[in-house]
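S.K.: Model the following, please.
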Amino acid sequence: MAVPGMRERSADKNGSGAPEAPTLRRSIGPAQMALYGLGSMLGAGIYGLIGKAAGQAGNALWLAFVVALVAALLTALSYASLGSRYPRAAGAAYVTGRAYGFPLLSFMVGLALVCSGLTSIATQSQVFAANVAALFGLEGVPLWWLALGFLLVLTGLVFRGIRESMWVNVLCTLVEVGGLVLVVVAGASYWGSVDYLATPAVQGTDHAALLVMQAAVLAFFAFIGFEDMINVAEETHDPERTVPLGLILAMAAAALIYIAVAVTAVSVVPWAELAEAPGPITAVVERAAPSIPPVVFIAITLFAVANTALVNYVTASRLIYGMACQGLLPKRLGSVHAARRTPHVAVAALFLVLAPLALLGTIAELAAATVLLLLLVFMVVNGALFVLKGRKGEKPGRFEIPRFIPAFGALVCLVLIVVRVTTGDWRAPALAGVLLLGSLAVYLLMQRMR
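M.R.: From the prediction side, this is the model:
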């Protein structure tokens with residue numbers, strides 16, 4: 001079934017003898033795919049998220065991560081199934097168009113994911129610059145210089161090739177995992193010292209389940225990142241198998257790490273202190289293993305931040321490339337460099353947007369808005385799989401799931417959207433609305449220019 005506006009990326013098939021256009025290089029195996037997803041999920045956010053979630057769930061913090069895992073796994077399994085059915089860049093936009101036949105919806109889904117990546121990369125460049133200045137005592141150097149230098153290095157790496165980007169990702173992910181494992185090892189002797197079902201005494205203990213659920217909503221966002229994996233499917237060996245296998249392995253590894261860190265954190269530092277600590281993980285290590293210098297975790301944070309930015313840059317460039325190949329963006333953005341086999345025009349276009357965005361100062365509200373957009377995308381994608389699984393003539397993938405899973409996944413995302421909108425301030429929903437209207441305006445402008 002063709003998608004409206006879709007154009008073929010494959011070699012020339014009309015017998016004209018014209019040279020074939022270069023395509024993306026396939027070099028990613030299951031292990032690299034799993035580390036790619038794990039690196040995207042771990043990031044630097046877990047270092048602060050642990051404290052905030054502990055303030056809501058108390059010692060039952062680990063249980064909040066279990067609940068969050070179950071909720072996130074519904075959508076993750078949908079992505080794994082879609083990845084085995086339609087392994088291509090900008091897969092979310094593609095399956096949206098395939099399921100609903102509505103190009104505007106496909107465009108807005110793709111652009112929402114691009115916006116999410118852009119705000120994440122810009123934010124990480126600022127965090128990286130601040131940590132480099134603190135680590136090397138560069139107080140006199142303007143932070144925007146460091147942020148811009150970081151973006152230039154990142155752009156060069158993504159342009160260089162997917163193989164090089166993946167190896168840097170593997171290194172950074174192993175450092176990230178090593179840092180969190182170090183926390184667990186340092187505090188392992190404290191395990192069993194507290195009641196792991198104890199929650200804050202808010203309106204009595206009858207509301208313990210509600211407190212855990214509230215913390216689970218926060219913990220859910222620690223698992224966001226699995227959606228990046230489908231966008232490198234065209235650079236993967238045997239993607240119908242590698243994408244779902246890598247995604248499930250990444251989710252399982254992230255869950256084990258999060259739960260172990262959560263148990264360790266509340267065992268070493270009382271949850272109330274953990275909630276107030278500016279650096280919860282640092283507070284745990286300082287108490288459990290004071291001989292470890294704080295500079296170690298500053299260095300690990302650098303790797304985590306760099307990895308998050310790298311994964312988002314690769315993902316965003318493949319999203320733009322894939323949307324161009326589907327006819328949702330200008331055709332030129334779908335070009336592939338003949339030697340490097342990377343979407344070089346999309347990479348360059350991203351840098352032109354990122355450079356000013358990274359220099360604008362704080363964009364925390366914009367980042368919060370894109371979280372809402374991500375949840376909207378998850379809801380739409382779950383719905384797309386539900387529709388496609390019920391459509392006759394759709395070829396099944398190598399990894400199939402029951403139809404009720406995407407239905408429940410869409411429902412969970414809807415509940416999370418309602419919780420975010422009703423419990424937070426108005427700025428994030430308003431900005432999300434502005435981004436959606438902006439996407440609509442861009443789409444209408446492109447239609448008029450054709």
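
S.K.: could you pull out the strands for the protein?
M.R.: Under the criterion DSSP state E, the chain carries no strands.

S.K.: Find the centremost residue of it, please.
M.R.: Gly225 (2.3 Å; Cα atoms, centre = their mean).

S.K.: Look up the closest residue to it, ignoring the ones flanking it.
M.R.: Ser40 (3.4 Å; Cβ to Cβ, 6 or more residues apart in numbering). The C-beta positions use only the backbone N, C-alpha and C, and glycine is treated the same way.

S.K.: Let me see the contact set for the one you found.
M.R.: Gly225, Phe226, Asp228, Met229, Asn307, Thr308, Val311, Asn312, Thr315 (Cβ atoms under 8 Å, 6 or more residues apart in numbering).

S.K.: same thing with Trp271?
M.R.: Applying Cβ under 8 Å, 6+ apart, the residues near Trp271 are Ala54, Gly55, Ala57, Gly58, Asn59, Leu61, Pro200.

S.K.: swap in Glu400?
M.R.: With Cβ under 8 Å, 6+ apart, Glu400 has these contacts: Ser81, Ser84.

S.K.: what about 10 Å?
M.R.: Contacts for Glu400 (Cβ atoms under 10 Å, 6 or more residues apart in numbering) come out as Ala80, Ser81, Ser84, Arg85, Pro244, Lys389.

S.K.: Between the residues you listed, identify the one with the most neighbours.
M.R.: Among the contacts of Glu400, the one with the most neighbours (other Cβ atoms under 10 Å) is Pro244, at 29 neighbours.

S.K.: That residue is in contact with Gly397, isn't it?
M.R.: Yes: applying Cβ atoms under 10 Å, one finds Pro244 in contact with Gly397, separated by 7.9 Å.

S.K.: tell me, what's touching the two both at once?
M.R.: Ala80, Ser81, Leu82, Gly83, Ser84, Arg85, Pro87.

S.K.: shaky segments in the stretch 1-150 of the chain?
M.R.: Confidence mapping of the stretch 1-150 of the chain against pLDDT under 70 gives the ranges 1-19, 44-45.

S.K.: if you set the cut-off to 90 instead, what comes out?
M.R.: Residue ranges of the stretch 1-150 of the chain with pLDDT under 90: 1-27, 40, 42-53, 55-56, 88-91, 111-112, 115-144.

S.K.: is it true that Thr199 touches Ala53?
M.R.: No: if you go by Cβ under 10 Å, Thr199 and Ala53 don't touch, sitting 11.8 Å apart.

S.K.: which residues are in contact with both of the two?
M.R.: Ala60, Leu61, Ala64, Val212, Ala215, Trp271.

S.K.: related to what we said a few turns ago, could you check which of Thr199 and Ala53 is surrounded by more residues?
M.R.: Ala53 (33 against 23).

S.K.: what's the burial count for Leu440?
M.R.: Quick note: Leu440 (other Cβ under 10 Å) scores 14 neighbours.

S.K.: One more: the one 10 residues further on?
M.R.: Here the neighbour count serves as a burial measure; for Arg450 (other Cβ under 10 Å) it reads 7.

S.K.: Any figure for the gap between it and Gly327?
M.R.: In this structure, Arg450 and Gly327 are 10 Å apart, going by Cβ to Cβ, to the nearest Å.

S.K.: and if you look at Ala71?
M.R.: Taking Cβ to Cβ, one finds Ala71 at 34 Å from Gly327.

S.K.: again, but for Leu152
M.R.: 31 Å.

S.K.: what about the two, which has more around it?
M.R.: Gly327 (20 against 12).

S.K.: Show the pLDDT at that one.
M.R.: We have a pLDDT of 89 for Gly327.

S.K.: ok, it touching Pro103?
M.R.: Yes: contact criterion Cβ under 10 Å: Gly327 and Pro103 qualify, at 8.0 Å.

S.K.: Look at stretch 210-228 and report the distance between its end residues.
M.R.: 31 Å (Cα to Cα, to the nearest Å).

S.K.: now do stretch 51-65
M.R.: Between the opening and closing residues of stretch 51-65 there is a gap of 13 Å (Cα to Cα).

S.K.: How confident was the prediction at Leu416?
M.R.: 86.

S.K.: Would you point out the most distant pair within the shared contacts of Thr199 and Ala53?
M.R.: Val212 and Trp271 (12.5 Å; Cβ to Cβ).

S.K.: which residues are common contacts for those two?
M.R.: With Cβ under 10 Å, 6+ apart, Val212 and Trp271 have common neighbours Ala53, Gln56, Ala57, Gly58, Ala60, Leu61, Thr199.

S.K.: OK, contacts around the nearest residue to the fourth one once chain neighbours are set aside?
M.R.: For Gly58, ignoring the flanking residues on the chain, the nearest one in space by Cβ to Cβ, 6+ apart is Thr199 at 4.3 Å. The contact partners of Thr199, taken as Cβ under 10 Å, 6+ apart, are 56-61, 63-64, 205, 207-212, 215, 271.
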